[in-house]
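K.L.:
just need the structure, nothing else, for what follows:
(one chain, ligands or ions: 2)
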Amino acid sequence: MAKIIVLANLKGGVAKSTSTNHFAHAAQANGLDSCIVDFDPNATLYSQGQRLELGVPVYRGNLEDIVKQLKEEIQHDYIFVDTPPNNGDVITRLCLVADEVIVPISPTGYDLDLLAHTTRLISEVEGIRNTALLSILITKYRLNLNSAKEALDKLGANMEKFPVLDNRIRLLDVYSKYQRPTKLDEYEDVLKELELI
Ligand SMILES: Nc1ncnc2c1ncn2[C@@H]1O[C@H](COP(=O)(O)OP(=O)(O)OP(=O)(O)O)[C@@H](O)[C@H]1O
Ligand SMILES: [Mg+2]
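P.N.:
Residues are numbered from 1 along each chain as shown. Ligands and ions are numbered 1, 2, ... in the order given. Predicted coordinates for the structure are as follows:
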């Protein structure tokens, strides 16, 4: 059975697509047969896959039949799923078939209310499926930034509500280059923490 890992946050610009791309390449670099499925109508990753020589295949998500596409049609062991911002319906439907749901947050443009809104959607599905899905990944992390500190303090005070991963993704230029992902170690550490590799 393929593992389906969904990257989701109602908030835009938190590194969902960047993380999906890097996770898929990190898993592939560790010998796992991986791919990306892009459910964003803007198709950022899909068009990157068309224009760049990526190390993994990128498919467009089929909203008409998510279950059939992810469970039957796509033949890879690890499926990393990118989602659009501001679409709770797509997040919910993907959570119904996911093995892991990773919510990236960037503490620079931080919004605790929207995070709670995203995690509520996911915990509803966790309740229905009676399984834990959610992990929160801090991205674009800069240690010396006050806004980041403040955001992380708030998160820390809400640790029970928010299962935050220990490993973080730093704010680095290398992640924002329009190229095949090259720096994989931080994302590899997250996959190890999740016991996926
Ligand atoms: N760790 C990082 N360090 C520096 N820049 C980053 C990092 N992660 C992502 N970025 C940059 O931040 C911007 C937003 O990232 P990305 O497009 O992955 O977010 P998103 O959540 O998919 O956005 P959207 O909601 O619009 O789909 C991009 O320009 C990306 O290159
Ligand atoms: Mg995106």
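K.L.:
switch to C-alpha atoms for all contacts and neighbour counts from now on
P.N.:
Noted.
K.L.:
which SSE is immediately downstream of the lowest-mean-pLDDT helix or strand in the chain?
P.N.:
The helix or strand of the chain with the lowest confidence, counting by mean pLDDT, DSSP states H and E, is helix 146-157 at a mean of 71. Next in sequence after helix 146-157, counting helices and strands by DSSP states H and E, comes helix 173-176.
K.L.:
residues touching residue 63, list them.
P.N.:
Counting by CA atoms under 8 Å, 6 or more residues apart in numbering, residue 63 makes contact with 39, 90.
K.L.:
from the chain's centre, how far out does stretch 117-133 sit?
P.N.:
16 Å (CA atoms, centre = their mean, to the nearest Å).
K.L.:
as a whole number, average confidence for it?
P.N.:
Averaging pLDDT along stretch 117-133 gives 96.
K.L.:
name the surrounding residues that touch stretch 96-106.
P.N.:
3-9, 14-16, 19, 67, 95, 115, 122, 125, 129, 133-141.
K.L.:
these: which ones sit near ligand 1?
P.N.:
Of the residues in the contacts of stretch 96-106, proximity to ligand 1 by CA under 6 Å from any ligand atom holds for 14-16, 139-140.
K.L.:
those residues: which two are farthest apart?
P.N.:
The distance between the two most remote of these (CA to CA) is 11.2 Å, for 16 and 140.
K.L.:
could I get the full set of strands for the protein?
P.N.:
3-7, 34-38, 58-60, 78-82, 100-105, 134-138 (DSSP state E).
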